[in-house]
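**Q** here's a sequence, model it:
(chains A and B)
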Protein chains: 2
Amino acid sequence: MYTAKQLQEKVQKLFADEVFLDEPKELYEPIAYTLALGGKRIRPLLLLAATELFGGEIEQAFNYAIGIETFHNFTLLHDDLMDKSPIRRGQPTVYRKWDENTAILSGDAMNILAWRYFIKQEHPKMRQILNTFEKTSMEICEGQQYDMNFETRDDVSLSEYMEMIRLKTAVLLAAALKIGALTAQADSADIERIYQFGIHIGLAFQLRDDLLDAYGDPATFGKQTGTDIKDNKKTYLFLLALQKGTKEQRNRLTELFKSHPENPEAKINEVLEIYKTLDIRNDVESAIKRLHQDAASCLDDIRKPENNKTLLRELAAKLLDRNV
Amino acid sequence: MYTAKQLQEKVQKLFADEVFLDEPKELYEPIAYTLALGGKRIRPLLLLAATELFGGEIEQAFNYAIGIETFHNFTLLHDDLMDKSPIRRGQPTVYRKWDENTAILSGDAMNILAWRYFIKQEHPKMRQILNTFEKTSMEICEGQQYDMNFETRDDVSLSEYMEMIRLKTAVLLAAALKIGALTAQADSADIERIYQFGIHIGLAFQLRDDLLDAYGDPATFGKQTGTDIKDNKKTYLFLLALQKGTKEQRNRLTELFKSHPENPEAKINEVLEIYKTLDIRNDVESAIKRLHQDAASCLDDIRKPENNKTLLRELAAKLLDRNV
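**A** The predicted structure follows:
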């Protein structure tokens, strides 16, 4: 079995060895740029770890690992354009470094490129792997659409929020694990378990993200905290505060989340003060812990030696306890 | 064998029977809208006709026919956004009817939806079919990028233009035919011939489009003529005129194709006058004829009874002699 560090090195090498440049360079340079920005490469890592867990050859899963990360980066590229985000991983986003049309077309090409990796090789489970990838890709579009819908809605419930982040974030982590398991030809009950493990980890991962945005240390988190509050983003924290708050707090929060002050510091502090009164941070930590436990119990049920599961347990813990 | 009319009805019914609406409606409505706008459905028609030619069951090719048309409409949706075109098939384009983000995300979902149809069924030639679709999709992105590059270039050659329209237009017609032939499990030499038939038809089809834009009857063509000249689009006509013209004519054309007069009529007339002096229209008609003949000879070489080829010969003639 590989250690997390060894697998991480494998994944880094995979991307370092792959040539994404081609002609016309105006189309391919933004793709190579995006894929060179790095990031945590969580999805390919999970994919290979799942292949390992079920006793498969990770080399058999390399194309899928590259494909899923390429797809993920395509969604970031188009999301950044739709959200008009100027910075990603400390560098200008594609639509800012080039222009909007370049971002649209290079993103489209990346979406197709992801498929290239998925169809590169024969595999006994090929159709299941492709169906999983397709279904998941579409769910992510649906999640992004719900996220955009929420911006103009005042009545988003916590359960709608959870469904949105399931689609936008969790299903891709879960699909990575499932595709890794399919590569190793795991049996269908275990495949469902590893998928559910991924869903729970994915939900918890997003809640951790919401928390870090409010309480992360800018030095380690790498971005300004309070951005979600500044941008009036309806996160788990905000929706929970709406649910728990008094009528007065609810009204004040709703009011604050419609404002766009030039200097947002006072607004951020007032919202954080309400969160504090309502013990939001603790509640979210508890929710993450519960999801983590549910994930762990999915892993428990998988009929493989405990030793095979260590790597995924470690990766999950790292993802959920992270401060970056 | 089906007649062109029967096959056309099959294709119409395919799309009429398919449900593209789902939740969230903000994502799927623009997809259903785009696919309901109709158009000539040339690509699915060619695909099914090729399956027929090689003695396959067209029912086996239905998913690929829907998939390729879905992909084609996705490219139109994103092209309209990139080109800021307000009207498509007499109706407002998606980015105008909704907004830019809707156009980006619905287009992305349509690209994925095309893949859903391509992986829906088992087929002995599945991997070749998928590889053909993937390679072609990417070539179309490359073609669109070259087209965008040409807008700001002053030194586009005729052969560069032909390569651009090969990528942007011809390969998808050719791929439709190839996938139809693969569905019928045609042999590889014949598959290459039908592909080359499609390339030649596709190139001629685009030259016909360039001609119609300049000389079409607005009543039957359904859009204003002279748009390419007004928009300074470097078409085959323009590039040929640059090549054939005197230094004076070249300079004047170059100058005119940098101008944006509020009332473009005088500009259009002056350009058409230069084209007339240089006999451009006849030259393009000849080029179309040559390409049509080359296409026909690819079809001649296919080792199937002449009777099987009648339908594709008719479709090709209709595509290249069209006035709409």
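**Q** mind checking pLDDT for A:Ser137?
**A** On pLDDT, A:Ser137 comes in at 98.
**Q** an error on my part: the question was meant for A:Arg322.
**A** Note on A:Arg322: pLDDT of 79.
**Q** tell me the buried residues in the helix or strand containing A:Leu207?
**A** Following DSSP states H and E, one finds A:Leu207 within helix A:188-215. By neighbour count on 16 or more other Cβ atoms under 10 Å in any protein chain shown, the buried set for helix A:188-215 is A:190-215. All C-beta atoms are positioned from the backbone trio N, CA, C, and that covers glycine.
**Q** those residues also near chain B: which ones?
**A** Contacts with chain B within these, counted by Cβ under 8 Å from any Cβ of the partner chain: none were found.
**Q** quick one: the helix holding A:Leu207 to chain centroid distance?
**A** 9 Å (Cα atoms, centre = their mean, to the nearest Å).
**Q** do the same with stretch A:31-50
**A** 11 Å.
**Q** extract the C-alpha trace of it and format it as CSV.
**A** Provided in CSV are the C-alpha atoms of stretch A:31-50 (Å, rounded to 0.1, in the frame of the first residue of the first chain):
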residue,chain,number,x,y,z
ILE,A,31,-5.7,25.0,-20.3
ALA,A,32,-2.1,24.4,-19.5
TYR,A,33,-2.0,27.4,-17.3
THR,A,34,-5.1,26.3,-15.3
LEU,A,35,-3.8,22.7,-14.9
ALA,A,36,-0.4,24.0,-13.8
LEU,A,37,-1.9,26.2,-11.0
GLY,A,38,-1.9,23.0,-8.9
GLY,A,39,-4.3,23.0,-6.1
LYS,A,40,-4.6,20.1,-3.7
ARG,A,41,-5.4,17.5,-6.4
ILE,A,42,-7.9,15.9,-4.0
ARG,A,43,-10.0,14.2,-6.5
PRO,A,44,-7.3,12.2,-8.3
LEU,A,45,-5.8,11.4,-5.0
LEU,A,46,-9.1,10.0,-3.7
LEU,A,47,-9.6,8.1,-7.0
LEU,A,48,-6.2,6.4,-6.8
ALA,A,49,-6.7,5.7,-3.1
ALA,A,50,-10.0,3.9,-3.8
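**Q** how about that stretch and chain B, any contact?
**A** No: Stretch A:31-50 does not reach chain B (Cβ under 8 Å from any Cβ); its nearest approach is 10.2 Å.
**Q** which parts of that stretch are buried?
**A** In stretch A:31-50, the ones that count as buried by 16+ other Cβ under 10 Å are A:31, A:33-35, A:41-50.
**Q** rounded mean pLDDT for it, please.
**A** Per-residue scores along stretch A:31-50 average to 96.
**Q** just to revisit the earlier point, now the element after the helix holding A:Leu207, going C-ward?
**A** Where DSSP H and E defines the elements, the next helix or strand beyond helix A:188-215 is helix A:218-221.
**Q** CA atoms only for that next one - export them in PDB, please.
**A** This file holds the C-alpha atoms of helix A:218-221, laid out as PDB (Å, rounded to 0.1, in the frame of the first residue of the first chain):
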ATOM      1  CA  PRO A 218      -5.600  34.500   6.500                       C
ATOM      2  CA  ALA A 219      -1.900  33.600   6.900                       C
ATOM      3  CA  THR A 220      -2.500  29.900   6.400                       C
ATOM      4  CA  PHE A 221      -5.900  30.000   4.600                       C
END
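**Q** what helices and strands are in contact with the helix or strand following it?
**A** If you walk from helix A:218-221 toward the C-terminus, the next helix or strand you reach (DSSP H and E) is helix A:227-230. Contact partners of helix A:227-230 among helices and strands, from 3 or more Cβ pairs under 8 Å, 6 or more residues apart in numbering or on different chains; DSSP states H and E: helix A:188-215, helix A:236-244, helix A:265-277.
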